[in-house]
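J.: predicted coordinates and the sequence they were generated for:
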Amino acid sequence: MSKLLRFLVEYKLREVDKPLTAYVIAVDALGRDDGFDTQIDSYPRVQIGRLRRMLDHFYLRENSEMRLSIPYNHYEIVLGPNEPAGVNQTLHGKADSGVAEATTEVIASGRKRTAFLDRLLNFASDHIGPVLATVVLIILLALGALFYLQQSAKAEVTSIAYPEIIVRGPEGVTNPAKRTQVQMTRSYLVSALEKFDQLRIFDGDADTQSGSQYLLETSVLYPLNDRIQLRLIDRDTGEVIWSDGVNAQSNEALEADLDRSVVIVASPHGKIAQHELAKFRGDYSPGYPCLLQFHQFMRYRDESLLKPNLECMEASAEQFPDDPYLMSMMVIAKNVSEQFGDRHAIDGLSKDFALKAAQLDHDSAVATFAVAQSAFYEGDCRKGVAWGERAVRLNPLNSRIMGYLGLYMLACNLPEGEAYSVRALELDPYADLVVAATLAMQKLQRGDAMGARQLSSKYLDSAPGAAPGLEISYILSTAALGDKAEAQRAWRSLIARSGLPKTATPRDVLSRWIANPVLIRELEQDFENANLD
């Protein structure tokens, strides 16, 4: 960003007659090669957009009369009055001063810089004329903005160190059609991956490293020109974590394979998360290590790990209060703490966490879904569905959002929710097991005991530990198919893991894993009908 800002200011001061284009920015400012195609790669536009937003944030705090800005749909930097923008409203129409306001130190330093600039500008205007005074002002404002960008980079040290993915295309592809296709593939991957909040995506080498770095490389498989190879590499060790070929015979086939690849790489339980978990196994430090443990807990629901998970999530919220992804996960953590009877394990209300997440990043799919979850928890199905469907539109590849939206809709007696959960399992081989268990129970209620048992068995085989929901659906579907001996064996195994005596009732056993009393009553009746005594 500093490099790009410096280029734009120097270009303006040179008073070049030729209009500034995306191609010039890509090649001269951002270091792309001469063959860069702005029609298929939006990299310069994306970077100009980032710089535009950072300048806007800087001048919200800088109390100067003039400012640098980049008009929308333009690339050239301009000098104009620093007019305050309209106050943004929150979801309830009230300004969130806590999110927008700067610290006292930053405000004070900004006022000092402004006073210094005013004195220097007056001196320049009196002694060297208004034209040179304007040049001086442009340079000084650029220096001030550069200082802000540098301070912002330092401030990021205190932010959560999410993994970074650098998406690279192959070098030396001479075939024009294949080169275009590979460039489109890279752009598609960047666009899809950027929608996952728990990752940081770069199109090209990253200048800084706050978390683990990975390379996602694309290459052409010669002589098989109908395949493009993807490789995910740990940049620190050079280890190839995952590799696969995608079908490039048509755009439809290519997009379908790329979607599948993005989910495998970027989902909460995907290849990067699994690789990171191996580094941080058992690490409940605030921030990203804690989020990894919490995702694991939510997938397998091991009650013995509840306490350390809630404690580290509470500590993470205190240390990183302005992280929208973390605030979104706090909605789930608060609900889990209440489900298991520890209402005070997480300080705050789930709806407050959700609103803050949405205020911090209103275009985030995860933050949007946090509002939906909060509404569902409060029994407002209409609002939950509206926000949930918006979250799916923002990131149609987030299987967790899609799967849980389906579950919540089913709980609201909206049968169309099943399609969302089915799609989540189709998208993601690492989906949360509760989604598979709920769909198995749906099949069982429709009389499809064989389908329920097959689905339960498939995901039980992939579960490394306890999966009570799947075990319950497996037991009931097995009993419905008439295999009472196998159903009794699985039931005794579930009782043993509950720590209860062999004579325990279904209600006692089910209560160890299920907090919803209505669901317990329904399942209790199902077990009585199965007659497993």
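T.: Alright, I've got the coordinates.
J.: can you tell me, leaving aside adjacent residues, what's nearest to Asp323?
T.: Distances taken as Cβ to Cβ, 6 or more residues apart in numbering place Ile160 nearest to Asp323, at 5.3 Å, with adjacent residues excluded. C-beta coordinates here come from the backbone N, C-alpha and C atoms, glycine included.
J.: and that neighbour, that's in a strand?
T.: No - Ile160 is assigned coil when assessed by DSSP: H, G, I helix; E, B strand; the rest coil, not a strand.
J.: dump the residue contacts of Arg67.
T.: Arg67 makes contacts with 55, 59, 79-82, 141, as judged by Cβ atoms under 8 Å, 6 or more residues apart in numbering.
J.: just give me the closest of these to Phe196.
T.: Relative to Phe196, the closest of the contacts of Arg67 is Leu55; by Cβ to Cβ it sits at 26.6 Å.
J.: count the neighbours of that closest one for me.
T.: 22 (other Cβ atoms under 10 Å).
J.: swap in Phe320?
T.: Under the neighbour criterion other Cβ under 10 Å, Phe320 is assigned a count of 18.
J.: quick revisit: ok, now how distant is the residue nearest to Asp323 from Asp361?
T.: 13 Å (Cβ to Cβ, to the nearest Å).
J.: give me the element Leu215 is part of.
T.: strand 213-220 (DSSP states H and E).
J.: can you pull out the low-pLDDT segments for the stretch 51-200 of the chain?
T.: Within the stretch 51-200 of the chain, the segments meeting pLDDT under 70 span 61, 83-137, 140, 144-158, 171-174.
J.: again, 50 this time
T.: Along the stretch 51-200 of the chain, segments meeting pLDDT under 50 span 85-114, 154-157.
J.: ok so, going back, could I get the average pLDDT for the strand holding Leu215?
T.: The average pLDDT within strand 213-220 is 87.
J.: before we move on, back to that, Ile160 and Asp361: which is more packed in?
T.: Legend: neighbour count by other Cβ under 10 Å for Ile160 and Asp361, higher for Ile160 (21 against 17).
J.: my guess is Lys12 meets His74, correct?
T.: No - the criterion here is Cβ atoms under 8 Å, and Lys12 misses it with His74 at 11.9 Å.
J.: who's more crowded, these two?
T.: Remark: of Lys12 and His74, Lys12 carries more neighbours, 18 against 13, as counted by other Cβ under 10 Å.
J.: find the nearest non-adjacent residue to the more buried one, please.
T.: Leaving aside its chain neighbours, Lys12 sits nearest to Ile77 (5.5 Å; criterion: Cβ to Cβ, 6+ apart).
J.: can I get stretch 468-476 in PDB, CA atoms only?
T.: Written as PDB, here are the backbone C-alpha positions of stretch 468-476 (Å, rounded to 0.1, in the frame of the first residue of the first chain):
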ATOM      1  CA  PRO A 468     -23.300 -39.300  20.100                       C
ATOM      2  CA  GLY A 469     -25.700 -37.900  17.500                       C
ATOM      3  CA  LEU A 470     -24.600 -40.300  14.800                       C
ATOM      4  CA  GLU A 471     -24.600 -43.200  17.300                       C
ATOM      5  CA  ILE A 472     -28.200 -42.400  18.300                       C
ATOM      6  CA  SER A 473     -29.400 -42.300  14.600                       C
ATOM      7  CA  TYR A 474     -27.400 -45.500  13.900                       C
ATOM      8  CA  ILE A 475     -29.000 -47.400  16.900                       C
ATOM      9  CA  LEU A 476     -32.600 -46.300  16.000                       C
END
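J.: sorry, back to before: tell me which other helices or strands the strand holding Leu215 touches.
T.: If contacts are counted by 3 or more Cβ pairs under 8 Å, 6 or more residues apart in numbering; DSSP states H and E, strand 213-220 sits against strand 164-168, helix 176-193, strand 227-234.
J.: what about the residue nearest to the spatial centre of the chain? Give its phi and psi, please.
T.: Nearest to the mean C-alpha position of the chain, counting by Cα atoms, centre = their mean, stands Asp197 at 2.0 Å. Main-chain torsions, Asp197, degrees, to the nearest 10: phi -70, psi -20.
J.: wait, the residue nearest to Lys12 touches Leu68, no?
T.: Yes - using Cβ under 8 Å, Ile77 is in contact with Leu68, at 5.5 Å.
J.: what segments of the protein are strands?
T.: 66-69, 78-81, 164-168, 200-202, 213-220, 227-234, 240-247 (DSSP state E).
J.: and the last one, which strands flank it?
T.: To tie it back to what came earlier, the one meant is strand 240-247. strand 227-234 (antiparallel) (DSSP bridges).
J.: what does the strand it pairs with rub up against?
T.: Contacts of strand 227-234 (Cβ under 8 Å, 6+ apart): 181-182, 185, 212, 214-221, 239-248, 254, 261, 265, 271-272, 275.
J.: what subset of the residues you listed is buried?
T.: 181-182, 185, 212, 214-220, 241-242, 246, 248, 254, 261, 265, 271-272, 275 (16 or more other Cβ atoms under 10 Å).
J.: about what we covered before: shared neighbours of Ile77 and Leu68, which are they?
T.: Val9.
J.: what's the distance between stretch 261-269 and the middle of its chain?
T.: Distance of stretch 261-269 from the chain centroid (Cα atoms, centre = their mean, to the nearest Å) equals 11 Å.
J.: my bad, should have said stretch 190-208
T.: Put simply, stretch 190-208 sits 10 Å off its chain's centre (Cα atoms, centre = their mean).
J.: thinking again about what came up before, which among the helices and strands packed on strand 213-220 is found nearest to Lys484?
T.: Closest of those to Lys484 is strand 227-234, at 46.6 Å (criterion: Cβ to Cβ).
J.: picking up where we left off before, report how many residues lie close to the residue nearest to Lys12.
T.: 26.
J.: residues in contact with it?
T.: 5, 8-9, 11-12, 68-70.
J.: out of the residues you listed, list just those in helices.
T.: 5, 8-9, 11-12 (DSSP state H).
J.: just put these in a markdown table and tack on distance to Ala485 and pLDDT.
T.: Listed next are those as a markdown table, based on distance: Cβ to Cβ, whole Å; pLDDT from 0 to 100:
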| residue | distance to Ala485 | pLDDT |
| --- | --- | --- |
| Leu5 | 73 | 91 |
| Leu8 | 76 | 90 |
| Val9 | 79 | 90 |
| Tyr11 | 80 | 87 |
| Lys12 | 82 | 86 |
